[in-house]
Each structure stands twice: as C-alpha cells, then as structure tokens.
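Student: Next one to model:
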Amino acid sequence: MGSSIITPEDVLESLMNDGTIDTLRLKIINQLKANEELKKTTLTMVEQSKVLNTPGAEKQTKRELFDALRQELEAPVLEKASKSVWELILDNNGLGKEISETVERVFCRLSGQEPPLFPASASEPPQQRENQSCSSGKKRSFNEMNEGTENEAMPSGDSET
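Tutor: Numbering: from 1, shown residues only. This is a model prediction of the structure:
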C-alpha cells in the first residue's frame with residue numbers, strides 16, 4: 001500500500017509532463033515583461049552604472065561596454081527579477097493562487113481524492129477563513145523566506161554568543 005502515497009515529485013512530474021510548468025513559466029515571464037516598476041528600476045541602475053559614467057566610456061566598443069555592464073549589473077538586476085518572481089508566485093490573489101489550485105487539483109487527480117482538499121466553510125466570509133488558516137499553511141513573503149535562510153546559512157563558528 002506504500003506505493004499509493006503521492007509524493008511531491010509525482011505531482012511535479014505530472015505538471016512537467018502535461019505542459020503546466022511551461023504554461024506557468026510563460027505567465028511569469030509575461031508578467032515580468034509587463035512589470036513597469038522592474039523596468040524602471042533596471043533602467044535607473046543602467047543610467048547610474050559606474051561603467052557608463054566613467055570618463056572614457058564613450059571610447060569603449062559596444063562589446064566592451066556590454067561586457068562591463070553585465071559584470072556590474074547582472075547580479076543586482078537578477079536579484080530584483082527574482083524578488084518579483086517570488087512575489088508573483090506567493091501572491092494569494094493572482095498567479096500564486098492559480099499555482100496552489102493547480103497543484104492541489106493534480107494531487108487530487110493522482111491520489112483519487114476529490115478537490116478541494118481544504119474546503120472553505122461557505123458560512124464564513126472569505127476574510128475570516130483566511131485568518132483561521134494554520135501558520136504552517138501560510139505563505140511567506142520573499143523577505144520572510146530570506147530572513148530564515150540567512151540565519152540558517154550562517155556557519156556555526158560565526159554565530160553570536
């Protein structure tokens with residue numbers, strides 16, 4: 001009977017095989033492309049870059065400038081994009097909700113259970129139902145996730161006494 005346990009890997013494999021992961025990836029990419037704040041931030045970073053504001057930058061070739069810009073800005077731009085992606089994924093009202101519902105639906109299909117696994121009581125307003133959810137099921141923001149990771153990533157020799 002142990003073979004009937006549905007693992008996260010089973011759900012992920014199903015999502016990958018049926019094209020759902022590709023569809024979600026495309027939605028994330030399209031939402032990132034439409035993110036005006038991310039575009040503005042990236043443009044500001046380029047305009048303020050040391051590479052472009054260094055005397056003699058106009059004498060460099062395009063290739064040299066692009067290589068230097070990539071070296072200077074790739075990590076901070078990707079960090080901003082990564083934060084934006086996490087915000088999309090964790091959004092309880094948008095793509096995050098769609099991802100959660102899709103994963104639940106696939107799990108139910110694979111396990112033979114009827115969705116939804118965690119039905120909300122129809123007699124309670126949606127706000128009350130959200131407040132009653134257990135903390136282990138609560139989605140954390142990107143910053144909350146990073147705070148926990150930074151503490152865990154600290155080598156034991158560097159911890160404060």
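Student: which ones are touching the residue lying closest to Leu95 once chain neighbours are set aside?
Tutor: Counting by C-beta to C-beta, 6 or more residues apart in numbering, Leu95 lies nearest to Leu88, which is 4.8 Å off, once chain neighbours are set aside. No exception for glycine: its C-beta is placed from N, CA and C like everyone else's. Leu88 sits next to Ile28, Gln31, Leu32, Gly94, Leu95, Gly96 when contact means C-beta atoms under 8 Å, 6 or more residues apart in numbering.
Student: What score does the residue nearest to the fourth one when sequence neighbours are not counted have for pLDDT?
Tutor: So that's Gly94. Leaving aside its sequence neighbours, Gly94 sits nearest to Leu88 (C-beta to C-beta, 6+ apart; 6.8 Å). Leu88 carries a pLDDT score of 93 in this model.
Student: What separation do you get for the residue nearest to Leu95 and Arg105?
Tutor: 19 Å (C-beta to C-beta, to the nearest Å).
Student: do the same with Glu37
Tutor: Taking C-beta to C-beta, one finds Glu37 at 32 Å from Arg105.
Student: Report the two of the contacts of Leu88 separated the most.
Tutor: Pairwise distances across the contacts of Leu88 peak at 14.6 Å for Leu32 and Gly96 (criterion: C-beta to C-beta).
Student: now the strand or helix carrying Thr41, how far from the centre of its chain.
Tutor: Thr41 belongs to helix 36-47 when assigned by DSSP states H and E. Centroid separation for helix 36-47 versus its chain: 19 Å, with C-alpha atoms, centre = their mean, to the nearest Å.
Student: quick one: buried residues of stretch 63-73?
Tutor: Using 16 or more other C-beta atoms under 10 Å as the test for burial, stretch 63-73 gives Ala68, Leu69, Glu72, Leu73.
Student: Excluding chain neighbours, give the residue nearest to the first one in space.
Tutor: Put plainly, it is Ala68. Val51 (4.3 Å).
Student: what does Ile89 give?
Tutor: Per C-beta to C-beta, 6+ apart, closest to Ile89 is Gly96, 5.4 Å.
Student: wouldn't the one you found be in contact with Leu90 here?
Tutor: Yes: in this structure, Gly96 is within contact of Leu90 by C-beta atoms under 8 Å, at 5.0 Å.
Student: out of the two, which sits in the busier spot?
Tutor: Taking other C-beta atoms under 10 Å, Gly96 and Leu90 do not tie; Leu90 has more neighbours (19 against 16).
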